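In: give me a 3D structure for the following:
(one chain, ligands or ions: 6)
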Amino acid sequence: MRSYATSLLLFGLLAPSRAATVAHDLREEIAARDCCQTLQSQLGPTAVLFPGSAGFQQLVNSYYSAQESEIISQCRVSAHSAQDVSDAIKIITKGGCKFSVRSAGHMTWAGAANIQAPGVAIDLKQMNGVNVSADKKVVSLGPGGSWGPVYDALDPFNITVVGGRSNTVGVGGFILGGGFSNLSPAHGFASDNVVNYEVVLADGRIVNANKTSNPDLFHGLKGGSTNLGIITRYDVNAFPLTPKWGGSRGYNVSQGPAIFDAMIKFIKKLPQEPLGGGSVVWGYSEDLKNDTIFGSFAYLGADATESKAQLFSEMLDVPPTFDTIRTNTDQQWLDSEVDVAFPGGLRRIFSTLTLKVDREIAEGIYRKSHDAFAGLVGKPGVSWTASFQPISITHLQATERAGGTPQGLSPKDGDLILLNLNTVWVEESDDAAMQAAVRDVINWGTKEAKRRNVLHPWLYINYALPDQKVYESYGKANVDALLKIKNKFDPKNTFGKLWKGGFKL
Ligand SMILES: Cc1cc2nc3c(=O)[nH]c(=O)nc-3n(C[C@H](O)[C@H](O)[C@H](O)COP(=O)(O)OP(=O)(O)OC[C@H]3O[C@@H](n4cnc5c(N)ncnc54)[C@H](O)[C@@H]3O)c2cc1C
Ligand SMILES: *[C@@H]1O[C@H](CO)[C@@H](O)[C@H](O)[C@H]1NC(C)=O
Ligand SMILES: *[C@@H]1O[C@H](CO)[C@@H](O)[C@H](O)[C@H]1NC(C)=O
Ligand SMILES: *[C@@H]1O[C@H](CO)[C@@H](O)[C@H](O)[C@H]1NC(C)=O
Ligand SMILES: *[C@@H]1O[C@H](CO)[C@@H](O)[C@H](O)[C@H]1NC(C)=O
Ligand SMILES: *[C@@H]1O[C@H](CO)[C@@H](O)[C@H](O)[C@H]1NC(C)=O
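Out: Ligands and ions are numbered 1, 2, ... in the order given. Next up is the predicted model:
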């Protein structure tokens with residue numbers, strides 16, 4: 001094979017630079033075959049899967065977005081333990097093979113957690129354990145689990161954790177990027193509630209990172225993405241399980257300004273009682289073939305009669321077109337509404353901005369999105385939603401209490417609104433136009449928010465486009481601190497060179 005490029009060069013069929021690329025690709029291909037063979041002989045045939053096998057395809061199909069499921073790696077390591085991950089990292093880095101890591105595969109963009117051959121995919125989906133400590137204060141989570149099964153496993157113990165608002169979303173990527181939960185106004189990010197990370201470093205060592213052991217790495221992993229290590233276990237704080245009140249309400253789009261004014265009043269009231277969560281989603285509904293708004297509501301108390309008056313009163317005053325709110329429900333039911341509204345298996349991209357609390361910019365972003373997607377709506381499966389999620393000052397206070405974050409957020413920032421522009425479509429031929437429309441909205445939103453003085457620089461890694469400048473948004477001091485940690489734990493920049501996907505320092 002290696003001589004193929006050489007002979008093409010000899011026969012003058014390739015320009016030298018092209019021949020060099022082909023030779024390079026061939027070297028990578030040969031290295032990847034070696035990596036996969038060695039992985040298989042050392043980890044065993046069931047732990048290393050190849051394209052064409054049912055096991056391989058099943059794991060590939062379980063990515064959330066169609067773009068991620070279309071990527072076919074050289075082979076896929078289905079790890080079952082930290083030791084498997086450590087062995088795999090030693091083999092892969094020795095062979096100089098490129099690789100990616102996926103937990104549950106819900107990051108949407110192509111290549112976030114998957115890699116095209118000759119790359120090797122490390123798949124943690126089978127590492128989905130849930131263990132509760134004897135005193136029920138700490139829960140150990142495998143990275144490959146999903147939040148629905150995690151909540152199911154914790155229910156019998158009458159405890160819960162700061163986890164996702166979707167049953168299918170993954171433990172690993174969610175906590176690594178921060179993690180917004182219905183418990184966040186009271187307890188901060190999911191990552192604020194990690195007490196210990198078990199992590200595989202670039203040299204294959206398995207270490208703990210916590211407040212007393214590797215405290216710098218512990219801090220860095222709260223913004224580490226694919227730079228510092230592969231997390232093989234998260235030990236997180238447990239909280240008492242409480243029945244919930246919540247659900248969603250649809251609104252006529254003409255109620256947009258009213259529901260936003262109400263949401264702003266709700267955010268301002270959260271510091272008195274940070275038990276409520278929710279978001280307002282303004283976008284295009286395929287069912288209605290029209291624009292629509294819905295709000296999601298969650299309150300950590302069964303009845304919430306008192307709090308309705310206190311917290312949600314203005315939002316509940318706006319007349320709905322539908323209403324699924326119920327008392328005495330649970331997180332899994334609230335999540336199921338999200339999973340029905342945002343099903344997997346389709347082409348999707350998320351994108352994000354962070355805004356000061358300002359109704360005009362929210363409405364502006366909705367109107368801009370309406371125009372930007374106008375020419376696409378009606379094409380197969382095309383739909384878009386701009387979801388506006390409050391980041392309460394009480395959340396940022398909880399983050400600070402937990403030791404702060406390298407992501408550059410502080411209670412001084414005041415209440416904020418997180419935008420997730422979520423787009424969905426079916427045909428590959430619409431990729432370019434959908435992506436262009438997303439960029440148009442994000443560019444406009446950035447410019448307009450700046451002009452109104454309501455832009456907050458922070459970009460949420462779990463919602464960002466691959467080329468949004470997430471690390472720049474953390475601020476120079478944080479990036480310098482993260483680079484220092486990276487240089488200490490990966491002095492040869494092995495992860496920088498070989499680990500693809502996520503966001504790179
Ligand atoms: C339907 C839906 C609902 C969502 N709801 C919420 C929500 O309520 N709140 C919220 O904050 N976000 C939410 N998200 C966003 C979510 O947090 C991200 O998609 C997150 O990355 C998903 O984690 P995962 O394990 O499934 O991701 P993956 O795609 O597996 O991984 C994401 C990134 O992290 C890296 N990574 C994964 N695992 C590890 C590991 N163990 N060690 C090192 N690197 C790793 C991957 O390489 C990749 O770059 C939602 C997304 C979807 C699709
Ligand atoms: C849970 O405990 C079992 C048995 O001790 C162990 O094998 C597994 O790795 C643990 N998983 C997690 C996520 O802690
Ligand atoms: C579960 O925890 C809640 C909140 O602490 C408590 O009110 C309830 O009695 C507990 N239920 C059981 C079955 O232990
Ligand atoms: C922190 O890491 C050390 C070293 O591995 C370990 O002994 C200790 O139990 C860890 N602490 C927590 C809170 O997990
Ligand atoms: C929404 O409100 C507008 C203005 O009040 C009204 O004309 C329209 O019929 C309403 N649409 C629906 C679907 O109720
Ligand atoms: C969409 O909604 C607007 C505003 O309520 C209304 O005027 C229009 O007729 C609706 N279009 C369709 C196709 O229902």
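In: contact residues of the chain facing ligand 3?
Out: By the rule Cβ under 6 Å from any ligand atom, the part of the chain lying against ligand 3 is N158, P240, L241, T242. In short, each C-beta sits where N, CA and C put it, glycine included.
In: got the domain boundaries for this structure?
Out: 16-123, 130-240+478-498, 244-329+342-470 (automatic domain parsing).
In: show me what the host helix or strand of A262 is packed against.
Out: In this structure, A262 sits in helix 256-269 according to DSSP states H and E. Packing contacts for helix 256-269, counted by 3 or more Cβ pairs under 8 Å, 6 or more residues apart in numbering; DSSP states H and E, involve strand 276-285, strand 290-299, helix 313-317, helix 359-372, strand 383-391.
In: in a markdown table: those, plus mean neighbour count and mean pLDDT.
Out: Output for the helices and strands packed on helix 256-269, formatted as a markdown table (neighbours: other Cβ atoms under 10 Å; pLDDT from 0 to 100):
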| stretch | mean neighbour count | mean pLDDT |
| --- | --- | --- |
| strand 276-285 | 24 | 93 |
| strand 290-299 | 22 | 94 |
| helix 313-317 | 16 | 92 |
| helix 359-372 | 19 | 96 |
| strand 383-391 | 23 | 97 |
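In: and those: which comes nearest V207?
Out: strand 383-391 (31.7 Å; Cβ to Cβ).
In: which stretches of the stretch 151-300 of the chain form strands?
Out: 159-160, 194-200, 206-210, 230-237, 239-240, 244-251, 276-285, 290-299 (DSSP state E, counting those that start in this stretch).
In: possible to save these as a markdown table with distance to ligand 4?
Out: A markdown table is the format used below for the strands of the stretch 151-300 of the chain (distance: least, Cβ to the nearest ligand atom, whole Å):
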| stretch | distance to ligand 4 |
| --- | --- |
| strand 159-160 | 18 |
| strand 194-200 | 3 |
| strand 206-210 | 4 |
| strand 230-237 | 6 |
| strand 239-240 | 17 |
| strand 244-251 | 29 |
| strand 276-285 | 28 |
| strand 290-299 | 30 |
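In: from the chain's centroid, how far away is stretch 139-147?
Out: 14 Å (Cα atoms, centre = their mean, to the nearest Å).
In: how far does that stretch stretch from start to finish?
Out: 13 Å (Cα to Cα, to the nearest Å).
In: what sits up against it?
Out: 103-104, 123-133, 150, 154, 159, 161, 163-172, 174-175, 231-238, 331, 335 (Cβ atoms under 8 Å, 6 or more residues apart in numbering).
In: do stretch 387-396 as well
Out: With Cβ under 8 Å, 6+ apart, stretch 387-396 has contacts from 180, 184-186, 188-189, 260, 263, 266-267, 270-271, 274, 277-283, 354-355, 357, 362, 409-411, 413-422.
In: just the CA trace of that stretch, in PDB.
Out: Extracted in PDB, the C-alpha atoms of stretch 387-396 (Å, rounded to 0.1, in the frame of the first residue of the first chain):
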ATOM      1  CA  SER A 387     -34.900  28.600  24.000                       C
ATOM      2  CA  PHE A 388     -34.300  31.200  26.600                       C
ATOM      3  CA  GLN A 389     -33.200  29.700  29.900                       C
ATOM      4  CA  PRO A 390     -32.700  31.800  33.100                       C
ATOM      5  CA  ILE A 391     -29.400  31.600  34.800                       C
ATOM      6  CA  SER A 392     -30.400  32.900  38.200                       C
ATOM      7  CA  ILE A 393     -27.900  34.800  40.400                       C
ATOM      8  CA  THR A 394     -28.600  32.100  43.000                       C
ATOM      9  CA  HIS A 395     -27.100  29.500  40.600                       C
ATOM     10  CA  LEU A 396     -24.000  31.600  40.200                       C
END
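In: hmm, it in reach of ligand 1?
Out: No - against ligand 1, stretch 387-396 shows no contacts by Cβ under 6 Å from any ligand atom, the least distance being 8.2 Å.
In: with stretch 93-105 instead?
Out: Yes - for stretch 93-105, a contact with ligand 1 is found by Cβ under 6 Å from any ligand atom, at S100, V101, R102, S103, A104, G105.
In: CA-only coordinates of that stretch in PDB, if you can.
Out: Only the C-alpha atoms of stretch 93-105 are listed here, as PDB (Å, rounded to 0.1, in the frame of the first residue of the first chain):
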ATOM      1  CA  THR A  93      -1.100   7.100  21.900                       C
ATOM      2  CA  LYS A  94       1.900   4.700  21.400                       C
ATOM      3  CA  GLY A  95       0.600   4.000  17.900                       C
ATOM      4  CA  GLY A  96       0.100   7.700  17.300                       C
ATOM      5  CA  CYS A  97      -3.500   7.200  16.300                       C
ATOM      6  CA  LYS A  98      -6.100   9.900  16.400                       C
ATOM      7  CA  PHE A  99      -9.200   9.200  18.600                       C
ATOM      8  CA  SER A 100     -12.400  10.600  20.000                       C
ATOM      9  CA  VAL A 101     -14.400   9.900  23.200                       C
ATOM     10  CA  ARG A 102     -18.100   9.600  23.600                       C
ATOM     11  CA  SER A 103     -20.300   9.100  26.600                       C
ATOM     12  CA  ALA A 104     -23.900   9.100  25.500                       C
ATOM     13  CA  GLY A 105     -23.300  11.100  22.300                       C
END
